[in-house]
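Chemist: Let me see the structure of the following:
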Amino acid sequence: MNEKSKNKERILIVDDSEMNRMILADMLEDQYEILEAADGAQGISILKQMSSQISLVLLDIVMPEMDGFEVLAVMNQKKWIEDVPVIMISAESMPSYVQRAYEMGVTDYISRPFDSLVVQRRVINTIMLYAKQRKLIKMVTNQMYEKEKNASLMVTILSHIVEFRNGESGLHVLHIQTITELILKSLLGKTDKYQLSHEDINMIVMASALHDIGKIAIPSEVLNKPGRFTPEEYEVMKTHSAVGASMLKDLPFHQEELLVKVAYQICRWHHERYDGHGYPDGLKGEEIPISAQVVSMADVYDALTSERVYKKAFSHEKALQMIQNGECGTFNPLLVECLLDVADSLLEEMKAASLNSKNEKEIRSIVDEILHHEELDDSNSALHYLEDERMKYQFYSSISREIQFEYTVSPAVLTLTEWSAKCLGLEEITMDPLKKGKVLDSMSEPDRQKLQQLLRSATPEEPDVRYRCRSNMAGKEKAIEIICRSIWSDDEKPQYLGVIGKVLEDRPE
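Modeler: Numbers count the residues shown, from 1 in each chain. Have a look, this model is predicted:
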């Protein structure tokens, strides 16, 4: 690639007609770098290697082997369609074709014969539109980052002011946030009862730092008393939860902010108990917001395992036992289960939180959330990482001399590495492989049914399958072993998505 072409946007033309490709290339090559694919499968192969570097796809509908709609199906399945705009160019002008193309995500539709000015203008408009969209996404990303960073910083400062007045080490808030996050993530994996999202978890963790802000109004002689409280002093201390909530409720602005609402719940109700024997309102069971329930348990655990002027610290194991036995009040049984599930990692995570700046850790978390957000997926660093991983995978595949494959259920697509395709005498990408001759001919019907039966019996917990049989590989019958892993979605009820695997020549031991 010369230096001049490096600065040009890339356009991929997918059309089985060499004449059509040549006409389009002639129209556009002065302004753009042109890539060509003679059929749909070749187009998918190029996209698989370079999707992050392609600015636009010009796609024909009617092509042999793999038509334009099948290409769009793969682009949707791989989510390339979200970042790479597609203009359909075809002689087919039937409304049903046009409607289906738009429904599958194309940006524009141009009918043959080509008009040079129309093609150039629509190409420019589409590329400019997506460039503006990427710029807007970057601006939104930066604004989100700044807003979350500033909110987190202010919460951290305020919570540490309270801890300083309370004579605590400064680690209590860090511990509360760490424990809260671990319990919530465990809860998210167990049930959708509370309809928590990752964003909700981040918000609850941030707001948990404010759980004791009401203590700033407690007289210092009570707050920092070295011994146990008298009944009267204990009643004064108990007011901190209602006082903290009132402080938030009386804010002259930002009442509608989610952070304020969640912090209010936590401040007021983090001393409530599941059996109704807590304070200040005696709420019971699910009357207590889940945010307050989780922070309540985190607060109790850290209080038990921390040294106080009136007590020594209990061990990790003893604290878990006391919470489980209800010695510190009754907690939601599901949350107790979650706490026990994360018990092994709890000490390590709290130690890490103590060693690291919590503000820096949260900023990294925000950045990570932005990079993986569905609508902000085109982060340059993420794309570069994925591109590096793809290149590594291709390199290792080429030198391993193993037959490697990937099969997706929807759409039904079999993808082979370049070397694997040559070995098997198959295409690198095959649509509906279980309905087409070459793939079907590579294995006997009984063996195929047996392998499908094994895959259907796989589970997310036991996803691996091994099967020995004989196969027709590029005209030669060989004994093989198929080793594959079934792939599942992250849903509460995981969905079977497909298979990755490899084929080994089965040699006698």
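Chemist: And the helices in the stretch 151-300 of the chain, which stretches?
Modeler: Remark: helices assigned in the stretch 151-300 of the chain by DSSP state H, counting those that start in this stretch are 171-190, 198-208, 220-223, 231-249, 258-269, 290-305.
Chemist: wait, which of those helices is closest to residue 55?
Modeler: Of all the helices of the stretch 151-300 of the chain, helix 198-208 sits nearest to residue 55, with 31.3 Å by Cβ to Cβ. (Each C-beta comes from the backbone N, C-alpha and C, glycine too.)
Chemist: Could you list the paired strands of the lengthiest strand in the chain along with their orientation?
Modeler: When the chain is parsed with DSSP state E, its longest strand is strand 476-488. Sheet pairing here is set by DSSP bridges, and for strand 476-488 it gives strand 464-473 (antiparallel), strand 496-505 (antiparallel).
Chemist: could these go into JSON lines alongside mean neighbour count, mean pLDDT and distance to residue 106?
Modeler: As requested, the strands paired with strand 476-488 are exported to JSON lines (neighbours: other Cβ atoms under 10 Å; pLDDT from 0 to 100; distance: least, Cβ to Cβ, whole Å):
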{"stretch": "strand 464-473", "mean neighbour count": "15", "mean pLDDT": "87", "distance to residue 106": "38"}
{"stretch": "strand 496-505", "mean neighbour count": "17", "mean pLDDT": "85", "distance to residue 106": "25"}
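Chemist: and of these, who's closest to residue 10?
Modeler: strand 496-505 (28.6 Å).
Chemist: Residues contacting the closest one, please?
Modeler: 402-410, 420, 455, 458, 471, 478-489 (Cβ atoms under 8 Å, 6 or more residues apart in numbering).
Chemist: State the distance from residue 63 to residue 105.
Modeler: Remark: distance between residue 63 and residue 105 (Cβ to Cβ, to the nearest Å) = 18 Å.
Chemist: ok, the two, which is more surrounded?
Modeler: Using other Cβ atoms under 10 Å as the criterion, residue 63 and residue 105 rank with residue 63 on top: 24 against 15.
Chemist: Look up the closest residue to that one, ignoring the ones flanking it.
Modeler: In this structure, residue 63 finds its nearest non-sequential neighbour in residue 16, 4.4 Å apart by Cβ to Cβ, 6 or more residues apart in numbering.
Chemist: Got the domain ranges for the protein?
Modeler: Annotated domains of the chain cover 3-136, 167-355, 401-505 [automatic domain parsing].
Chemist: The first one: how far from the chain's middle?
Modeler: Right, the one you point to is domain 3-136. In terms of Cα atoms, centre = their mean, to the nearest Å, the centre of domain 3-136 is set 28 Å apart from its chain centre.
Chemist: what's the pLDDT at the closest residue in space to residue 72 that isn't next to it in sequence?
Modeler: Leaving aside its sequence neighbours, residue 72 sits nearest to residue 104 (Cβ to Cβ, 6+ apart; 4.2 Å). Each residue has a pLDDT score; the one for residue 104 is 93.
Chemist: Please look at residue 104 and residue 71 and confirm they touch.
Modeler: No - the pair residue 104 / residue 71 is not scored as a contact, 9.5 Å apart, by Cβ atoms under 8 Å.
Chemist: The two - which one has more neighbours?
Modeler: Set residue 104 next to residue 71 and count neighbours by other Cβ under 10 Å: residue 71 wins out with 28 against 17.
Chemist: I'd like the distance between the more buried one and residue 12.
Modeler: 10 Å.
Chemist: Which residues are in contact with each of the two?
Modeler: residue 43.
Chemist: Pull up the distance across stretch 59-75, start to finish.
Modeler: 12 Å (Cα to Cα, to the nearest Å).
Chemist: which residues are in contact with it?
Modeler: With Cβ under 8 Å, 6+ apart, stretch 59-75 has contacts from 14-17, 20, 39-41, 43-44, 47, 57, 80-81, 84, 86-92, 97, 100-101, 104-106, 411, 413, 427, 429, 431.
Chemist: if you set the cut-off to 7 Å instead, what comes out?
Modeler: The contact list for stretch 59-75, computed with Cβ atoms under 7 Å, 6 or more residues apart in numbering, reads 14-16, 39-41, 43-44, 47, 81, 86, 88-90, 92, 97, 100, 104-105, 411, 413, 431.
Chemist: So which of those belong to strands?
Modeler: Reading strands off these with DSSP E, I get 14, 86, 88, 89, 90, 413, 431.
Chemist: quick one: which of these is nearest residue 126?
Modeler: Using Cβ to Cβ, those come closest to residue 126 at residue 86, 9.0 Å.
Chemist: That closest one contacts residue 108, correct?
Modeler: No - the criterion here is Cβ atoms under 7 Å, and residue 86 misses it with residue 108 at 8.3 Å.
Chemist: Which residue of the two possesses the greater neighbour count?
Modeler: residue 86 (25 against 18).
Chemist: Enumerate every residue touching the more buried one.
Modeler: Neighbours of residue 86 in contact, by Cβ under 7 Å, 6+ apart: 57, 59, 72, 105, 106, 107.
Chemist: If we only consider those residues, which is nearest to residue 114?
Modeler: residue 59 (14.1 Å).
Chemist: Number of residues surrounding that closest one?
Modeler: Quick note: residue 59 (other Cβ under 10 Å) scores 26 neighbours.
Chemist: One more: residue 477?
Modeler: By other Cβ under 10 Å, neighbour count at residue 477 equals 9.
Chemist: May I have the predicted confidence score for residue 6?
Modeler: 57.
Chemist: now residue 131
Modeler: On the pLDDT scale, residue 131 gets 79.
Chemist: quick one, phi/psi of it?
Modeler: phi -60, psi -40 (degrees, to the nearest 10).
Chemist: how much space is there between it and residue 124?
Modeler: 10 Å.
Chemist: what's the answer for residue 240, then?
Modeler: 63 Å.
Chemist: before we move on, back to that, list just the one of the helices of the stretch 151-300 of the chain that sits closest to residue 346.
Modeler: helix 171-190 (6.4 Å).
Chemist: Now do that closest one and helix 290-305, the angle between them.
Modeler: Calculated by axes from the mean of the first three to the mean of the last three Cα atoms, to 10 degrees, helix 171-190 forms an angle of 130 degrees with helix 290-305.
Chemist: Which secondary structure elements does helix 171-190 sit against?
Modeler: Judged by 3 or more Cβ pairs under 7 Å, 6 or more residues apart in numbering; DSSP states H and E, helix 171-190 is in contact with helix 116-166, helix 198-208, helix 290-305, helix 333-341, helix 343-355.
Chemist: tell me what the helix or strand that comes right after the third one is packed against?
Modeler: Scanning forward in sequence from helix 290-305 by DSSP states H and E, the next helix or strand is helix 316-324. Taking 3+ Cβ pairs under 7 Å, 6+ apart as contact, the helices and strands that helix 316-324 lies on are helix 290-305, helix 333-341.
Chemist: what separates helix 316-324 from the chain centre, distance-wise?
Modeler: 33 Å.
Chemist: now do stretch 425-435
Modeler: 30 Å.
Chemist: And for stretch 207-220?
Modeler: With Cα atoms, centre = their mean, you get 35 Å for stretch 207-220.
Chemist: pLDDT averaged over that stretch - what is it?
Modeler: pLDDT averaged over stretch 207-220 gives 86.
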